[in-house]
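> need coordinates for the below:
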Amino acid sequence: MARVVVVGGGYGGVTVAKGLDPLAEVILVEQKDQFVHHAAALRAAVDEAWQHSIFMPYSNLLSNGRVIHGTVSQVEGTRVHIFGQDPIDADYVVLATGSTYPFPAKYSASRSDVAKARLKQLHSYLHGARSVLLVGAGTVGIEFAGELRNAFPDLEITLVEKQSELLPTQGFADELRDQVREQLKELNIRLIEGSELAYLPPFNVGELGRFVVETKDGHRIEADMWFQCYGARPNTGYVAGTELQSAVRPDGALKVEPTLQVVGQTNIYAIGDVTDVRESKRADAARAQARIVISNISSQLSGKEPQATYNPSDEWVILPLGPEHGVSQLLDSQGNSRILGPDQTAEIKGAYLMVSVIRSQLNLP
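Numbering: from 1, shown residues only. Sure, this is the predicted structure:
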């Protein structure tokens, strides 16, 4: 039976591993000891009741294959090297290692108990803060602002975006931005657009400590805590010094073919945040790419050429601002954008943040 090694157990990685489990010997290599539902991480950052909901075991994911918890040091062709363990030789490798992002949107700790301890400390700091500064008004900064407002009604919240307008990603409709601005105003969240900080605060992200900063155009901001809501970077350091390095772009992303094979490779695929696919990095996109890889590896296992190709979708977003507010930009059956308000956004994602969907995918009750 052919062996498939999936490196990374995020949204895309678990989809590939589960989909190929009946067809091949699947080994999922994941650094963290539990799956982290990052789509709900900002809710967990402000609400202790959610702290345990975002961590889920991998124990039920695979019926035939296995999950190895370890840190991949290098992927050399189809040989996967893991710190402190013997290397694994595979017939196919799928790179699904995601990206780094500042806390609390993502966690770097490999142990869930360490991540939970940091969350507990963050909760304590937030209860002691009177004001918070969020730097970056993309989807993360806006969603975090809404979560903070819902959990801390009296907290002063300032959201700063250096670009000329919030949600600077191309493809978002002006109507979406307008509705976000209206809801931020309704929630009494101060928004400063087109203004860059002259210098960073003197404290680490997520630490409690009073400070004053200024923007380059003269806005003065006082706060007790600050968070960096920008700065995603693909996790591809493990290909340094290998033949795969030639496929790495300057930003760290891996160049892939429409089939999602890494450029220049036949049996090595990449999905999700590590790829140079030109669309916003979303969990649903990673899962959609995973289904293409499942199809193509299935074809190769039966002696055929990979035929399935991935076509990036137009931009869409479901953007909750806490459980009861938010706005969404979705695509209808003709591919046209539709803007949905707070009630529909809460119904789709805002109230439960799709925890049950992820638990089902991991075969958990």
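
> quick check, Arg249 in contact with Val262.
No: checked against Cβ atoms under 8 Å, the pair Arg249 and Val262 is beyond contact range at 11.9 Å. Any C-beta I mention is one placed from the backbone N, CA and C, and that applies to glycine too.

> these two: which is more packed in?
Counting neighbours by other Cβ atoms under 10 Å for Arg249 and for Val262 shows that Val262 has the greater number, 26 against 12.

> show the contacting residues for Val135.
Contact analysis of Val135 by Cβ atoms under 8 Å, 6 or more residues apart in numbering lists Gly141, Val160, Leu197, Trp226, Phe227, Gln228, Cys229, Tyr230.

> so what pLDDT did the closest residue to Arg190 other than its chain neighbours get?
Closest residue in space to Arg190, ignoring its immediate chain neighbours: Thr158 at 4.4 Å, by Cβ to Cβ, 6 or more residues apart in numbering. Model confidence at Thr158, given as pLDDT, is 98.

> most remote residue from the chain's center?
In the chain, the residue that sits farthest from the middle, by Cα atoms, centre = their mean, is Gly303; the gap is 34.5 Å.

> what helix or strand is that one on?
Secondary structure here is read from DSSP states H and E; on that basis Gly303 sits in neither a helix nor a strand.

> can I get stretch 322-333 in CSV, CA atoms only?
Once non-C-alpha atoms are left out, stretch 322-333 reads as follows in CSV (Å, rounded to 0.1, in the frame of the first residue of the first chain):
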residue,chain,number,x,y,z
GLY,A,322,-19.0,39.1,18.7
PRO,A,323,-21.9,36.7,18.8
GLU,A,324,-24.6,39.2,17.8
HIS,A,325,-23.0,41.6,15.3
GLY,A,326,-21.1,41.2,12.1
VAL,A,327,-21.3,41.4,8.3
SER,A,328,-20.6,39.0,5.5
GLN,A,329,-19.8,39.1,1.9
LEU,A,330,-20.9,35.9,0.2
LEU,A,331,-21.2,34.7,-3.4
ASP,A,332,-24.5,33.6,-4.9
SER,A,333,-24.9,30.8,-7.4
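
> could I get the average pLDDT for it?
Predicted confidence along stretch 322-333 averages 92 (mean pLDDT).

> what's in contact with that stretch?
Outside of stretch 322-333, the residues that reach it under the criterion Cβ under 8 Å, 6+ apart are 146-147, 149-151, 172-173, 176, 179-180, 183, 186-187, 313-321, 337-342, 344-346, 348-351.
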